[in-house]
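Chemist: Here you go, sequence then predicted model.
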Amino acid sequence: MSNNHHRIVIVGGGTAGISCAARLMRVLGDIDIAIVEPATKHYYQPLWTLVGAGVMPRQESERDESLLIPSGVKWIKESVVKIDPDRNSLRLSSGTDLGYDYLIMAAGLQIDWHKVKGLQETIGRNGVCSNYAYDQVDYTWQQLSTLQKGKAIFTQPNTPVKCGGAPQKIAYLADDQFRLRGVRDQIDMIFASANPGIFSVKKYADSLNKVVARKGIQTWFRTDLIELDGDKKTATFQNLDTQDITTTDFDMIHVTPPMSAPDFIKQSALADTAGWVDVDKHTLRHNRYANVFALGDCSNLPTSKTGAAIRKQSPVVVANLAAQIKGAALEASYDGYTSCPLVTGYGRLILAEFDYDLNPAESFPLDQSEERYSMYVLKKDLLPQIYWRGMMKGLV
């Protein structure tokens, strides 16, 4: 193949793209694969909740992208700006057109900081923090470790987000931190979420509601953050049912920003009406373009956007793509499995695992809706090793 055409092109060198490339090289052998990814650093983002809570340094979440690209896979260090699936072609940021026989969309999602008025201007100061950026997560810990009194707010937006449990996890850790410092009774805590409840699966929601009650955290549901004034330290919310607007003061606010599909996907023929790559939820093949597959956060799969979901999606994409190349039927099927390790404090975690139908799909012979130290150790110490040594090598 020429430099401007490859047998398989993978858009995105994150969790989904790297794990698929590694599996494809093992399953299909010496096949022509290219990954399009502009970033030179790769992050294990599930650690950022613990970084924001002072458990570990952010550097532990970072690796060089060059160390993760599988041997034999070409790395194109550019961005995609346009997709033309009718011509099997991508337009790159350099203006070059890149052709493909098969395309895997693994581009992740984009964080829309600009969609909360005033957020970009005040993030990282005035008590406004977020665990959703590597360069911001240390400021979360600064706030948790120094706040003495006042009001601490934790938000979840009216969009899909990476790891749907992360917005509440940092609230639980903050509560623990405030108690350890003896200032919890001086701080009002609010979890303001656009969702209708604490969690979508009843088994885990029942346990989490008890955690919220025990910790004395106020919950504002169907409530979406729409504006921040950092200098005045005020946050403006909209009730999604009544459309009422409310402005409140804060001393610290952890913001989970709105997120959406990358703009170049929204503007392409691959997108559904909401902008995500439109794929069959079981085969992960595109519903209109048979040589296109998608997985991970950029897809419209009706499940939580987590690395655990990708771990189950990646082998399905690889098996079905390999079958298609060989002219066989697509037999691999994804059932919607995802996992949310819900940290409820230092040394405590509820491990939520479930499928498309919101039925628990648990891995261990115990009640995972209970807070456990063992599950906390799994998240903190074991899952990062499984990620770097197994998942990123296409082994698990």
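Modeler: Here it is on my side, so go on. Residues are numbered from 1 along each chain as shown.
Chemist: In contact with residue 239: list those residues for me.
Modeler: Contact partners of residue 239, counting by C-beta atoms under 8 Å, 6 or more residues apart in numbering, are 222-223, 245-246. The way it works is simple: take the backbone N, C-alpha and C, and place the C-beta from them, glycine included.
Chemist: Closest one of those residues to residue 136?
Modeler: Set against residue 136, the nearest of the contacts of residue 239 by C-beta to C-beta is residue 223 (22.5 Å).
Chemist: Which secondary structure element is home to residue 290?
Modeler: Using DSSP states H and E, residue 290 is not contained in any helix or strand.
Chemist: nope, residue 265 is what I was after
Modeler: Residue-wise, residue 265 maps onto helix 263-266 under DSSP H and E.
Chemist: C-terminal to that helix, what's the next element?
Modeler: The element immediately downstream of helix 263-266 (helix or strand, assigned by DSSP H and E) is strand 292-294.
Chemist: So which residues make contact with that next one?
Modeler: Contacts with strand 292-294, where a contact means C-beta under 8 Å, 6+ apart, come from 85, 102-106, 270, 277, 279, 284-286, 317, 320-321.
Chemist: Now do the contacts for residue 393.
Modeler: By C-beta under 8 Å, 6+ apart, the residues touching residue 393 are 22, 70.
Chemist: before we move on, back to that, which of the contacts of strand 292-294 sits closest to residue 40?
Modeler: Taking the contacts of strand 292-294 together and measuring to residue 40 by C-beta to C-beta, the closest member is residue 106, at 17.5 Å.
Chemist: May I ask you to confirm that the closest one is in contact with residue 11?
Modeler: Yes - with contact defined as C-beta atoms under 8 Å, residue 106 reaches residue 11; the gap is 6.3 Å.
Chemist: what residues are shared contacts of the two?
Modeler: residue 17.
Chemist: what about these two, which has more around it?
Modeler: Taking other C-beta atoms under 10 Å, residue 106 and residue 11 do not tie; residue 106 has more neighbours (32 against 29).
Chemist: do you know how far the more buried one is from residue 297?
Modeler: According to C-beta to C-beta, to the nearest Å, residue 106 and residue 297 sit 9 Å apart.
Chemist: Please enumerate the shared neighbours of these two.
Modeler: residue 16.
Chemist: List the buried residues in stretch 63-70.
Modeler: Counting neighbours by 16 or more other C-beta atoms under 10 Å, one finds that the buried residues in stretch 63-70 are 65, 68-70.
Chemist: which strands and helices sit next to the strand or helix carrying residue 192?
Modeler: Assigned by DSSP H and E, residue 192 falls within strand 187-193. Packing partners of strand 187-193 (3 or more C-beta pairs under 8 Å, 6 or more residues apart in numbering; DSSP states H and E): strand 150-156, helix 166-180, strand 218-220, strand 223-229.
Chemist: Packing partners of the second one?
Modeler: The criterion is 3+ C-beta pairs under 8 Å, 6+ apart, and the helices and strands that helix 166-180 contacts are helix 48-52, helix 137-146, strand 150-156, strand 187-193, helix 202-215, strand 252-254, strand 338-345.
Chemist: Centre of the chain to the helix holding residue 265, how far?
Modeler: With C-alpha atoms, centre = their mean, to the nearest Å as the basis, helix 263-266 stands 18 Å off its chain's centre.
Chemist: Likewise for stretch 252-267?
Modeler: Centroid separation between stretch 252-267 and its chain, computed with C-alpha atoms, centre = their mean, is 11 Å.
Chemist: Equivalent analysis for stretch 98-105, please.
Modeler: Mean-position distance between stretch 98-105 and its chain equals 24 Å (C-alpha atoms, centre = their mean).
Chemist: Buried residues of it, list them for me.
Modeler: 98-100, 102-105.
Chemist: What are the contacting residues of it?
Modeler: Contacts for stretch 98-105 (C-beta under 8 Å, 6+ apart): 4-12, 17, 20, 34, 36, 76, 85, 87-92, 265, 270, 277, 289, 291-295, 298-299, 317, 321, 324-325.
Chemist: Of the buried residues of stretch 98-105, which is the nearest to residue 178?
Modeler: residue 105 (42.1 Å).
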